[in-house]
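Enquirer: Fold the following and give me the result.
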Amino acid sequence: MIGAVTTPHPPVIRPREVADLPGCVEALAAVHASGVRYPTRWPADPIAWLTPADVEQGWVAVIGGTVVGHVLLRDSPGHGHNISRLYVSPAAQGTGVASGLLGAAVGWARERALPLMLEVTTHATAAIALYERTGWRRTGTTEAAWTAPDGTPVSVHHYTLDT
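Expert: Numbering: from 1, shown residues only. Here you go, the predicted structure:
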């Protein structure tokens, strides 16, 4: 488990590399274990979950050599360019890491004039607050194609970001 982040240095946000993946999984496991229910279901293969075929670019936030956050930009044909797999280890939450990661992905997409969208589960209040604070506009809410571990339906909000 990742310990508390006590360094006075800001995180370094950079493109994700293959060598980052074990640290990404460790940070994801810390998030999942923290009770925030992300991801809703722990993936059978976390590395594969972090490296879907439709990835355009990924970024990590690193403090002192430790991966503390992650985000992907995915190209989903017919669905647009999606912000995905954004998470920050519990030790680094509240330090601006999520905003920095989101900003890196949005900036990269805007340089390429890519329209952006994302989905977030309706229970993810901190993520929803981040998206709405940074200009994302909710366009609807639907039931996800997948269920929670107990089999109950999961609702997701859909957002777009005006360029």
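
Enquirer: all contacts plus neighbour counts: C-alpha atoms, from now on.
Expert: Noted.

Enquirer: now the helices: where do they sit in this structure?
Expert: 21-33, 46-50, 97-111, 125-133 (DSSP state H).

Enquirer: looking at those helices, which is buried most?
Expert: helix 21-33 (a mean of 20; mean count of other Cα atoms under 10 Å).

Enquirer: who does that helix touch, helix- and strand-wise?
Expert: With contacts defined as 3 or more Cα pairs under 8 Å, 6 or more residues apart in numbering; DSSP states H and E, helix 21-33 has these neighbours: helix 46-50, strand 66-76, strand 80-88.

Enquirer: again, only this time at 10 Å
Expert: When contacts are defined as 3 or more Cα pairs under 10 Å, 6 or more residues apart in numbering; DSSP states H and E, helix 21-33 packs onto helix 46-50, strand 55-63, strand 66-76, strand 80-88.

Enquirer: Reformat those as a markdown table; add mean pLDDT and distance to residue 159.
Expert: Formatted as a markdown table, those follow (pLDDT from 0 to 100; distance: least, Cα to Cα, whole Å):
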| stretch | mean pLDDT | distance to residue 159 |
| --- | --- | --- |
| helix 46-50 | 98 | 21 |
| strand 55-63 | 97 | 19 |
| strand 66-76 | 96 | 14 |
| strand 80-88 | 95 | 10 |
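
Enquirer: Format these as a markdown table; extra columns: distance to residue 112.
Expert: Listed next are those as a markdown table, based on distance: least, Cα to Cα, whole Å:
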| stretch | distance to residue 112 |
| --- | --- |
| helix 46-50 | 23 |
| strand 55-63 | 12 |
| strand 66-76 | 12 |
| strand 80-88 | 11 |
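
Enquirer: most tightly surrounded among the ones you listed?
Expert: Among those, ranked by average contacts under mean count of other Cα under 10 Å, first place goes to strand 66-76 (a mean of 25).

Enquirer: Nearest the middle, which residue of the protein would you pick?
Expert: By Cα atoms, centre = their mean, the mean C-alpha position of the chain lies nearest to residue 86, the distance being 0.7 Å.
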